[in-house]
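Student: Requesting a structural model of the entry that follows:
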Amino acid sequence: MFENITDDERGQVGIGTLIVFIAMVLVAAIAAGVLVNTAGFLQATAEDAGQESVNKVTNRVQVLNSHGIVGNNSTIKYINMSVRLAAGSSSVDMNDTSIKYLSGSEVVQLTNDSDSSGADSSEFGLNEITDDDGSFGVLNSMSDRYEVIINAGAIQDEPVADPNDGLETGETVRLEITSRTGGTTTVILTMPQQLAGKETNKPVKL
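Tutor: Numbering: from 1, shown residues only. Purely as a prediction, here's the structure:
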């Protein structure tokens with residue numbers, strides 16, 4: 001009725017169970033290692049994505065005021081804007097900043113070269129208003145102020161630019177100022193209704 005089990009057979013059963021147990025422990029350890037590594041990777045990715053999102057919101061400039069310069073044909077040939085760091089922003093390098101210019105007839109991407117204050121159909125100019133530490137081209141203090149210059153006369157009549165051309169009365173232009181980290185400031189400017197009779201090269205408020 002009962003089967004007799006010898007000592008040798010008992011030893012074989014014990015070794016088999018031990019082997020299965022060790023294999024289960026190894027599999028569990030490998031699985032745990034994979035889960036830990038995956039969790040660490042996901043955490044690092046989430047932190048990077050979160051920091052990039054914060055930079056897109058905070059690292060940007062603020063436009064304090066703007067004015068236009070009158071051209072010969074009662075148009076606005078230059079747009080001048082005073083800018084500083086936006087609240088909560090870290091430093092913004094204007095050399096790595098672009099401006100998307102969108103009017104009723106033209107759309108261009110403008111870049112900057114701080115070595116020259118000239119503005120043309122592909123670059124915006126930059127002038128220093130105040131700069132505490134002499135780091136011209138980089139806004140790194142809330143007291144820093146730069147003047148951004150956009151040559152609307154050159155942009156509006158590409159490919160052959162006429163210095164007398166520009167933005168006409170009532171025309172609207174949209175400017176998107178984007179820093180290297182993706183922070184964007186949007187400015188919409190409408191040209192004044194009364195430009196006729198204004199003196200050439202005189203400023204008018206926008």
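Student: rest of the way, CA atoms for contacts and neighbours
Tutor: Fine.
Student: pLDDT weak spots in this structure?
Tutor: Scanning the chain for pLDDT under 70 picks out 1-14, 42, 44-58, 113-117, 158-164.
Student: hmm, who's touching whatever helix or strand residue 125 lives in?
Tutor: Counting by DSSP states H and E, the element that carries residue 125 is strand 123-130. By CA atoms under 8 Å, 6 or more residues apart in numbering, the residues outside strand 123-130 that reach it are 99, 110-114, 116-119, 136-137, 143-151.
Student: Helices of the chain, start to end?
Tutor: Secondary structure of the chain by DSSP state H: the helices cover 7-58, 152-156.
Student: related to what we said a few turns ago, what's the PyMOL syntax to select whichever of the contacts of strand 123-130 are buried?
Tutor: Of the contacts of strand 123-130, the buried ones go into a single PyMOL selection, burial set by 16 or more other CA atoms under 10 Å:
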select buried, resi 99+110+111+112+113+114+117+118+119+136+137+144+145+146+147+148+149+150+151
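Student: Which members of the contacts of strand 123-130 occur in strands, if any?
Tutor: Among the contacts of strand 123-130, the members found in strands (DSSP state E) are 99, 110, 111, 112, 145, 146, 147, 148, 149, 150, 151.
Student: Need those residues in a markdown table (columns: distance to residue 25).
Tutor: Formatted as a markdown table, those follow (distance: CA to CA, whole Å):
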| residue | distance to residue 25 |
| --- | --- |
| 99 | 60 |
| 110 | 62 |
| 111 | 60 |
| 112 | 61 |
| 145 | 65 |
| 146 | 65 |
| 147 | 68 |
| 148 | 66 |
| 149 | 69 |
| 150 | 69 |
| 151 | 71 |
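Student: and which of those residues is nearest residue 190?
Tutor: residue 150 (14.6 Å; CA to CA).
Student: how close does that closest one get to residue 166?
Tutor: To residue 166, residue 150 is 11 Å away according to CA to CA, to the nearest Å.
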